[in-house]
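Undergrad: 3D model of this:
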Amino acid sequence: MKIYEYTPPKNTKRATGLIMIFAASGAGLFLIPALIPNMPLGWLSQLLGVAALTAMICVISRSIARTFVYALIENGERTVDLTVTELGNGGKKQTTVCRVSLGNITEAHLLYPERAGDAEKIKDISAKAKKEARKTFNYCHDVKVSPICLVLLEECGEPLLIKISPDDHLYSYLRAYSQNKEDQ
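TA: From the prediction side, this is the model:
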């Protein structure tokens, strides 16, 4: 039974700008050797052009073509799971990409990257996760997310770091479960 479901709004302004920059620079770099036939290292220019076009495709597939839906689902054992569903192909294709128990959350941090202190805290938590060899999963569809929630947990004996972009209601659930863990 679903307790709560949230789909973060898309802000494609930044992604669209990046796509235009990558497309223009990729096409320009790729075509320079055709316009200047005896250019030394023309292949390098074309290689950089292909890299820019590849980056454009990555931004399109990550920010424009997919959406993530976060849901809190109560399962039969009276525990609550956080599920992340990826919607693709205009919402026609739904794939559950993450399902973790909220009881396994050790820490949940809601941070705003545009704030100086929070930007440092994001770097510190990411460094801590890397040091602890945590697998990191980013379920944010925007290029620059604000706010971002970093959820540290241990699922099936494996330490994980999950990045999502929740609303206040979803974050309050995550925070409540991490605080209950700290109180025990």
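
Undergrad: could you point out where the protein is predicted with low confidence?
TA: 180-184 (pLDDT under 70).

Undergrad: can you pull out the strands in it?
TA: Remark: strands assigned in the chain by DSSP state E are 2-6, 66-74, 80-88, 93-101, 105-111, 135-138, 148-155, 158-164.

Undergrad: Phi first, then psi, for the residue of the chain most remote from its centre.
TA: Ranking residues of the chain by C-alpha distance from their mean position (Cα atoms, centre = their mean) puts residue 38 at the top, at 43.4 Å. With angles defined as degrees, to the nearest 10, residue 38 shows backbone torsions of phi -100, psi 30.

Undergrad: quick check: longest helix of the chain.
TA: What stands out as the longest helix in the chain, according to DSSP state H, is helix 13-35.

Undergrad: Not counting its own residues, what contacts that helix?
TA: Contacts with helix 13-35, where a contact means Cβ atoms under 8 Å, 6 or more residues apart in numbering, come from 39, 42-43, 45-46, 48-53, 55-56, 59-60, 63-64, 142-144. For every residue, glycine as well, the C-beta is placed using N, CA and C.

Undergrad: Buried ones only from those residues, please, as a PyMOL command.
TA: Isolation of the buried members of the contacts of helix 13-35 (16 or more other Cβ atoms under 10 Å) is achieved in PyMOL through the command below:
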select buried, resi 45+46+48+49+52+53+55+56+59+60+63+142+143
